[in-house]
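Participant: This is a predicted model, with the sequence first.
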Amino acid sequence: MALYTLFYLTFFALLEKTVTVPDLWVHCRLDDLIPFCKYAIVPYAAWFPWIPFTLFFLLYKAPRRDFWRLCLPLFGGMTLALLFYAVVPNGLALRPAYVPGQDIFACAVRRLYRSDTPTNVCPSIHVFNSVTLMLAYLRSSCFAAPRRRWMRPAAVVLCLSITASTMLLKQHSVIDVLFGALLALALDYAAAVLERQGIPERRSRRLPQQI
């Protein structure tokens with residue numbers, strides 16, 4: 001996990017510096033109908049601790065198989081998104097010209113805009129990771145325990161909140177969200193197929209025929 005984190009941050013930082021003028025501008029009519037909401041910074045920021053929390057929770061509490069079942073599509077999808085950014089540099093122009101206010105929410109949004117350029121947006125890694133994590137909560141048996149069942153609906157609410165926040169903060173277009181979710185579902189399905197093919201079928205024992 002540490003090695004991939006280093007790889008991802010290095011690759012993403014390189015793209016942020018090199019992609020200054022996108023070749024593809026992402027926009028659709030629905031983007032103009034979604035209002036800006038500075039309070040969406042709360043679920044948007046929750047994405048950052050949610051990923052390591054889930055990974056370490058599965059590492060220590062779940063079967064090792066469930067841990068790798070999350071890591072493979074998660075890291076694979078993030079890598080595919082980075083490669084797509086490199087091949088098809090994209091960006092958006094949806095952010096408001098200025099975020100007024102001196103409250104903690106407005107200051108956090110302005111800080112986010114300064115540190116994260118409106119490039120490398122489609123597909124949305126925020127949405128991809130959120131959907132992939134949510135599926136892990138719904139799939140892993142460790143969350144079926146009575147004391148942990150609440151974590152499954154909480155993961156669904158958090159996933160939907162983060163997804164909505166990407167559009168309410170004008171960080172992503174509806175198109176980015178759609179492709180991020182589709183990428184998560186596609187890789188989860190592919191991982192499920194590979195998992196089923198990797199399990200050897202038990203040979204049925206035939207009972208001796210009575211004469």
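Facilitator: Received it, and whenever you're ready, just let me know what you need.
Participant: Show me where this protein dips below the pLDDT cut-off.
Facilitator: 199-211 (pLDDT under 70).
Participant: let's see it at 90
Facilitator: The model of the chain has pLDDT under 90 over residues 1-2, 13, 16-22, 194-211.
Participant: That one: helices as residue ranges?
Facilitator: For the chain, the helices defined by DSSP state H occupy 2-18, 29-33, 41-61, 64-87, 104-115, 125-139, 151-168, 174-198.
Participant: Those helices: which one's closest to residue 95?
Facilitator: helix 104-115 (6.3 Å; CB to CB). Quick note: C-beta positions are derived from backbone N, CA and C, even for glycine.
Participant: Point to the residue nearest the middle of the protein.
Facilitator: residue 129 (1.4 Å; CA atoms, centre = their mean).
Participant: ok, how many other residues are close to the nearest residue to that one once chain neighbours are set aside?
Facilitator: Spatially, and ignoring its direct neighbours in sequence, residue 129 is nearest to residue 51 (6.0 Å; CB to CB, 6 or more residues apart in numbering). Using other CB atoms under 10 Å, the number of residues around residue 51 comes to 16.
Participant: isn't residue 51 right up against residue 133?
Facilitator: Yes. At 6.8 Å, residue 51 counts as touching residue 133 under the criterion of CB atoms under 8 Å.
Participant: Pretty sure residue 158 sits against residue 129.
Facilitator: No. Applying CB under 8 Å as the test, residue 158 and residue 129 come out as separate, 11.3 Å apart.
Participant: show me the contacts for the residue lying closest to residue 140 once chain neighbours are set aside.
Facilitator: Excluding the flanking residues, the one nearest residue 140 by CB to CB, 6+ apart is residue 66, at 4.4 Å. Applying CB atoms under 8 Å, 6 or more residues apart in numbering to residue 66 gives the contacts 58, 136, 139-142.
Participant: Quick check: residue 66 vs residue 134, distance?
Facilitator: Per CB to CB, to the nearest Å, residue 66 is found 14 Å from residue 134.
Participant: swap in residue 97?
Facilitator: Counting by CB to CB - residue 97 and residue 134 are separated by 34 Å.
Participant: So which of the two has more stuff around it?
Facilitator: Remark: of residue 97 and residue 134, residue 134 carries more neighbours, 22 against 4, as counted by other CB under 10 Å.
Participant: Could I get the contacting residues of that one?
Facilitator: For residue 134, the contact set (CB under 8 Å, 6+ apart) comprises 155-156, 158-159.
Participant: State the distance from it to residue 98.
Facilitator: Taking CB to CB, one finds residue 134 at 34 Å from residue 98.
Participant: can you pull the buried residues of stretch 74-93?
Facilitator: Across stretch 74-93, burial judged by 16 or more other CB atoms under 10 Å covers 74-75, 77-78, 81-82, 84-85, 89-92.
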